[in-house]
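In: Generate a structure from the sequence data that follows.
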Amino acid sequence: MVGQASSGHGGAHSQLDMSATFGATFSAKVLGDAAGALSGKALSEAEGMKDAGALGFAMRAIGEEDARTRDAGVAAAVLMDSSALLPKLEHYLDTDGDGENDHDRADRTAAGIALVMGGIAARSGDAAMAKKVADRCSALLVCPNDMVQVAVANGLASCVRVLGEGEGKAMLDEFMAASANGAMAQGYGLAGVVKGLKSKSLVSHGVLAKLEEKIGSKKDQGAREQAVATYGCLAKVLGHLFEAYTVKIIPSILAKCGDKVPEVRAAAEDALKACMGCLCPQGLRHVISKALKELEDRGTAWQAKVALLACIESFVPKEKDQMGRAMQEVVPAVCETLNDTKPEVCAAAQSVLKSMGANLIKSPEMKGMVPALLDALIQPMDKTVPCVDQLMDVTFINAVDGPCLSLMVPVLSRALKERRMENRRKASLVVGNMCGLVTDGVALVRYAPALVPELLLCVKDSNPEMRQYGASALAALLKGMASAHLSARFDELESNLEQLQKDMVSESEETKRKGERGIQELVDIAMGQATKTNHSEADIEADMKKMKLEEEEKKAAKIKAEEEAKVLAAAQAEKEEAAKPIPGKGFCETSCRVCPQCELALEEQAARDEQKKKDDEKNARLEAKKKAEEEKLRALKKFQEQQKAALAQQGKKKKK
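Out: As a prediction, the model looks like this:
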């Protein structure tokens with residue numbers, strides 16, 4: 001297949017090593033069939049091989065339904081002997097499928113033939129062959145099958161690389177001119193030439209400028225149709241190479257989606273899908289941001305809005321990560337179109353929201369809330385309060401991510417504006433519970449402008465209970481926005497808010513203003529910390545060092561304040577001690593009897609007089625007691641003497 005093989009079966013080169021040549025492309029079945037068919041055959045005998053030979057294998061393979069098998073057939077056919085293969089390919093095209101009854105297979109085969117012929121021309125490097133193949137491929141552009149036209153464009157690109165810049169420029173001019181082959185045929189032909197000349201030719205040869213001129217033509221509807229069709233063809237053929245130009249041309253394509261001519265509208269819708277489909281995930285996010293401005297523009301035609309919403313919906317299941325990150329921008333813009341006067345726009349917007357809710361919400365408990373949230377977004381007047389009631393019953397267990405916030409925050413923001421305090425209280429509770437489970441503070445920062453002003457109004461409410469709920473929710477929101485290593489700064493946030501809200505309801509106007517300023521400063525500080533989006537290891541280390549220094553400064557300031565307080569207390573004590581009157585000193589020098597010293601002297605004198613009086617009374621009592629005891633002793637002694645005398649007299653009488 002690659003060169004002439006010997007006619008024997010046992011030679012070193014008689015067996016074709018298909019796996020070494022096409023192992024990365026062929027399926028196992030195709031490899032086995034090809035190796036068996038080509039084993040021991042010389043390529044010069046290829047014409048004699050019918051269905052079992054190399055040419056039969058190639059023709060079968062390029063028409064197979066399996067894409068890998070078709071790619072394998074194309075890769076094999078390009079490396080065959082072109083002198084044997086090209087007549088068979090041309091015969092197939094000249095006979096319009098060589099009697100093939102399966103039209104789908106015939107289209108797949110025609111597409112494969114265009115690729116094979118382009119590959120053969122590129123492999124040969126012969127300008128004459130490349131020109132012949134280019135003419136043959138150009139004739140295939142009239143086929144209405146999209147797959148065939150894309151393949152023809154790629155075959156043309158291979159030929160243009162051989163023909164060179166001059167011939168390619170002539171072909172560009174030919175395809176840019178009006179033609180009876182149709183807008184799609186011209187578009188794919190031009191896209192193939194541009195791919196062969198490289199994408200820089202879009203600017204260097206003025207392709208984009210000419211297309212922009214045509215798309216702006218108000219009188220020539222054929223020129224408008226050709227321009228938008230060419231944009232779509234360029235996107236399909238060039239793929240990511242056309243991505244850089246997509247941002248500039250999408251507004252023009254959207255404008256033509258509302259064209260009065262149905263053919264132009266249809267071509268513009270196809271071009272919009274093709275241009276959006278050629279974007280990489282990062283480019284998709286950027287282009288969607290630009291497209292949403294067109295969606296919000298009241299001057300955009302309703303057909304363009306429907307087409308754009310359909311494109312956004314088509315990307316939801318395919319690019320979940322990027323669409324999840326873009327939901328913050330997409331949901332508000334889509335919600336704006338829910339009030340459009342055209343029912344088609346409203347239906348498309350509802351379909352986008354339902355698709356996002358079904359594909360992008362990951363939290364198990366929030367999946368059950370998606371219908372209620374969507375109802376609240378679609379019918380905010382009637383469904384907001386019931387949705388908040390249902391959210392009150394939800395026990396948040398899993399983390400709340402950006403897509404969940406994009407659906408919840410608009411509903412909660414509206415609930416916080418309700419007149420009834422009970423509804424605002426419930427919304428505040430849900431906000432506090434929700435913010436406690438947000439793991440990505442950056443995701444929460446995006447929604448702070450929708451929640452912080454309403455929560456500040458709750459904090460300033462005249463009802464103490466409402467102020468308490470508002471302070472708790474605001475503290476949870478600000479703490480949730482902070483990065484994990486900065487959350488320690490917000491530990492005392494709720495207590496500070498409670499103190500400040502007490503100041504705000506004070507009877508003193510100055511205290512009220514001071515409380516309001518304090519709350520605003522607290523929010524500004526917290527927001528300043530929360531809006532840091534770059535938290536690399538170096539940033540975290542710097543923040544930790546800064547926090548450590550601040551903590552050390554706080555400790556040093558506290559120690560200094562304590563020492564100053566001690567010094568002041570000692571000075572005050574010394575002053576008070578010096579001012580104290582001296583006991584026992586008596587009256588002052590002037591004996592004024594009114595100074596502290598004289599008062600102390602008078603008190604001391606009164607105390608001495610009182611004590612002397614008490615001592616005198618005590619001594620008198622002791623003296624009286626002593627005299628009474630002495631009198632008692634004298635009486636007792638006298639009585640004893642009398643008794644003794646009586647006993648002596650009685651004894652004398654007994655003796656007588």
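In: Could you give the number of residues near residue 111?
Out: For residue 111, the count of nearby residues is 26 (other C-beta atoms under 10 Å). All C-beta atoms are positioned from the backbone trio N, CA, C, and that covers glycine.
In: which residues are in contact with stretch 221-228?
Out: Contacts made with stretch 221-228 from outside it, assessed by C-beta atoms under 8 Å, 6 or more residues apart in numbering, are listed as 178, 183, 186-187, 211-212, 214-215, 217, 253, 256, 259, 261, 263-264, 267-268, 271.
In: one more time with 7 Å
Out: Taking contacts as C-beta atoms under 7 Å, 6 or more residues apart in numbering, the residues outside stretch 221-228 that touch it are 178, 183, 186-187, 211, 214-215, 217, 253, 256, 259, 261, 263-264, 267-268, 271.
In: Next: stretch 229-237.
Out: By C-beta under 7 Å, 6+ apart, the list of residues contacting stretch 229-237 reads 150, 153-154, 183-184, 186-188, 190-192, 194-195, 211, 242, 249, 253, 267, 270-271, 274-275, 277-278.
In: So which of those sit within strands?
Out: When DSSP state E defines the strands, the subset of the contacts of stretch 229-237 inside them is empty.
In: Next step: these restricted to helices.
Out: Counting by DSSP state H, the part of the contacts of stretch 229-237 found in helices is 150, 153-154, 183-184, 186-188, 190-192, 194-195, 211, 249, 253, 267, 270-271, 274-275, 277.
In: who does the strand or helix carrying residue 77 touch, helix- and strand-wise?
Out: Assignment of secondary structure by DSSP states H and E places residue 77 within helix 67-78. Under the contact criterion of 3 or more C-beta pairs under 7 Å, 6 or more residues apart in numbering; DSSP states H and E, the helices and strands touching helix 67-78 comprise helix 18-22, helix 28-38, helix 54-61, helix 103-124.
In: buried residues in the third one?
Out: What it means is helix 54-61. Neighbour-count burial for helix 54-61, with 16 or more other C-beta atoms under 10 Å as criterion, is recorded at 54, 55, 57, 58, 59, 60, 61.
In: Report pLDDT for the second one.
Out: Yep, that's residue 55 we're talking about. Confidence at residue 55, expressed as pLDDT, is 72.
In: That one contacts residue 88, doesn't it?
Out: Yes: when contacts are counted by C-beta atoms under 7 Å, residue 55 is listed as touching residue 88 (5.6 Å).
In: so what's residue 277 up against?
Out: Neighbour list for residue 277: residue 235 [criterion: C-beta under 7 Å, 6+ apart].
In: I'd like to know how far it sits from residue 235.
Out: According to C-beta to C-beta, to the nearest Å, residue 277 stands 7 Å off from residue 235.
In: Also residue 162?
Out: Noted for residue 162: a distance of 25 Å to residue 235, by C-beta to C-beta.
In: And residue 341, by the same measure?
Out: When C-beta to C-beta is the yardstick, residue 341 and residue 235 sit 32 Å from each other.
In: With neighbour numbers in mind, choose between these two.
Out: Neighbours per residue, other C-beta under 10 Å: of residue 341 and residue 235, the larger number sits with residue 235, 28 against 7.
In: so which strand or helix has that one?
Out: With DSSP H and E as the criterion, residue 235 is inside helix 221-238.
In: Can you give me the buried ones in that helix?
Out: The neighbour-count check on helix 221-238 (16+ other C-beta under 10 Å) flags 222-238 as buried.
In: now it: how far from the chain's centre is it?
Out: Distance of helix 221-238 from its chain centroid, counting by C-alpha atoms, centre = their mean, to the nearest Å, is 34 Å.
In: if we can go back for a sec, how about the helix holding residue 77 as PDB, C-alpha atoms only?
Out: Taking only C-alpha atoms (Å, rounded to 0.1, in the frame of the first residue of the first chain), the coordinates of helix 67-78 have been written out as PDB:
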ATOM      1  CA  ALA A  67     -16.700   7.800  11.900                       C
ATOM      2  CA  ARG A  68     -13.500   6.000  12.900                       C
ATOM      3  CA  THR A  69     -13.900   3.500  10.100                       C
ATOM      4  CA  ARG A  70     -14.400   6.300   7.600                       C
ATOM      5  CA  ASP A  71     -11.300   8.100   8.900                       C
ATOM      6  CA  ALA A  72      -9.400   4.800   8.500                       C
ATOM      7  CA  GLY A  73     -10.600   4.400   4.900                       C
ATOM      8  CA  VAL A  74      -9.600   8.000   4.000                       C
ATOM      9  CA  ALA A  75      -6.100   7.600   5.600                       C
ATOM     10  CA  ALA A  76      -5.600   4.300   3.800                       C
ATOM     11  CA  ALA A  77      -6.900   5.600   0.400                       C
ATOM     12  CA  VAL A  78      -4.600   8.700   0.500                       C
END
